[in-house]
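[1] Got a predicted structure plus its sequence, pasted below:
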Amino acid sequence: MEPRVSFITLGVSDLERATRFYRDVLGLPQRPTPTTVAFFEMGKTWLSLYPKEALAADAGVPAEGSGFPGFALAHNVRSIAEVEALLAQAAAGGGKLVKPGHHTDWGGYAGYFSDPDGFLWEVVWNSKFPWV
């Protein structure tokens, strides 16, 4: 297997609401798509939003269940001010501030928000991360 991730697909409860959040609040560039899915180009990896029940059916697993999904998505930015701005932007646009920005024990600065479906995003400033 080549070392890459092509798509990250989130199973969402309300496709229209989730699309608005990622397009209008976070400002991700949406690709032309059918009305049953939303694609956002994020460099070489694309984010896709798909109704939760349809995604579960496609994978052949039950859609019910809740709680911590066992992962978080992360977005590195160029400064502490950008961490704070993105956390505030997400919270003001329908997301939820989960953990305010704070200095980390490894020398960076990070905080968490969740999207309207509860998917966790860590926003990080790390001066040692080469790709921001």
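    All right, it came through fine.

[2] biggest helix in this protein, by residue count?
    Secondary structure of the chain per DSSP state H: the longest helix is helix 80-92.

[3] what's in contact with it?
    Identification of contacts with helix 80-92 by CB atoms under 8 Å, 6 or more residues apart in numbering yields 25-26, 75, 77, 97, 100-101, 109-111, 113, 115, 121, 123-125. (Glycine included, C-beta is placed from N, CA and C.)

[4] tell me the mean pLDDT for the next helix or strand after it?
    Downstream of helix 80-92, the next assigned helix or strand under DSSP states H and E is strand 96-103. For strand 96-103, mean pLDDT is 95.

[5] Show me what strand 96-103 pairs with in its sheet, parallel or antiparallel.
    Paired neighbours of strand 96-103 in the sheet (DSSP bridges): strand 109-114 (antiparallel).

[6] Direction-wise, compare the longest helix of the chain with strand 109-114 and give the angle.
    10 degrees (axes from the mean of the first three to the mean of the last three CA atoms, to 10 degrees).

[7] so for helix 80-92, what's the average pLDDT?
    pLDDT averaged over helix 80-92 gives 97.

[8] Which residues belonging to it are considered buried?
    82-84, 86-88, 90-91 (16 or more other CB atoms under 10 Å).

[9] Then stretch 73-82?
    Neighbour-count burial for stretch 73-82 [16+ other CB under 10 Å]: 76-77, 82.

[10] and the buried residues of helix 80-92 as CSV, adding distance to residue 4?
    Output for the buried residues of helix 80-92, formatted as CSV (distance: CB to CB, whole Å):
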residue, distance to residue 4
82, 26
83, 26
84, 31
86, 25
87, 28
88, 32
90, 27
91, 32
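
[11] between these, which is closest to residue 8?
    Using CB to CB, residue 90 comes nearest to residue 8 of those, at 16.9 Å.
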